[in-house]
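1. Okay, sequence plus prediction incoming.
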Amino acid sequence: MNFKQHLILLLTVISSHSCMSQIEMIKFIPTTERYHIFYPKDYILNEDDNGIVTITSPNGETNMTISGYEANGEVDQKVLTEFMTDVTDGYELRTEPKIEPFKNGLKIFGEYKKGGNDWLWKIYAENRAIIVISVNGDGILTDEQIKLNEFMLQNFQIYSD
């Protein structure tokens, strides 16, 4: 399958009613060409003039915001931890951030709360490329919303060169 062409993935999701449904996914590469991500076809994608991408559910209940940065040098655990502290300033910490390997780099992630809404913050790094992702819901994020966003991020890839 040619990744340069329009690519569709099928994701089987078990809904809260225990029925099976399929979600059509579309591959997206931003103008910065820093990464690619697959998102549900019925979601609304917007890329602003600064290269910040927002993927919103059709009902507006969940948002994923993605922004990319270039570090001056190699990104290590210390840099990721400091970056996470900076971007989540003003948020209530729900789970301690964890650092794990991610493909050829690292990722840090944690759960937060702000204004009565749940937030998931994730920062991915490969070489000098840093991608910051936040997912927030209108109130509490449901298991189904979290699973769909996790699926999108499992198939996420950074172009670090």
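-> Received it, and whenever you're ready, just let me know what you need.
2. Spatially central residue in the chain, please.
-> Ile133 (4.3 Å; C-alpha atoms, centre = their mean).
3. For that one, give me the pLDDT.
-> pLDDT for Ile133: 97.
4. And it, how far from Ile29?
-> Distance of Ile133 to Ile29, computed by C-beta to C-beta, to the nearest Å: 15 Å. To be clear about C-beta, it is placed using only N, CA and C from the backbone, and glycine gets the same treatment.
5. Over to Ile123?
-> Counting by C-beta to C-beta, the gap from Ile123 to Ile29 is 20 Å.
6. okay, the two: which has more neighbours?
-> Taking other C-beta atoms under 10 Å, Ile123 and Ile29 do not tie; Ile123 has more neighbours (26 against 14).
7. and the residue nearest to the centre of the chain, what are its bridge partners?
-> Legend: beta-bridge partners of Ile133 under DSSP bridges are Ile66, Lys122.
8. Please renumber the chain so that the first residue is 52 from this point on.
-> Noted, 52 is the first residue going forward, which turns the last one into Ile184.
9. thought it was touching Met115?
-> Yes - using C-beta atoms under 8 Å, Ile184 is in contact with Met115, at 6.4 Å.
10. host element of Phe134?
-> helix 128-138 (DSSP states H and E).
11. Contacts for that helix, please.
-> 122, 148, 150, 157-159, 161, 172, 174, 176, 181, 183, 185 (C-beta atoms under 8 Å, 6 or more residues apart in numbering).
12. Let's see that with 7 Å instead.
-> Outside helix 128-138, the residues within contact range by C-beta atoms under 7 Å, 6 or more residues apart in numbering are 122, 148, 150, 157, 159, 161, 172, 174, 176, 181, 183.
13. Among these, which pair sits farthest apart?
-> Across the contacts of helix 128-138, the longest distance by C-beta to C-beta is 19.9 Å; it joins Ala122 and Gly161.
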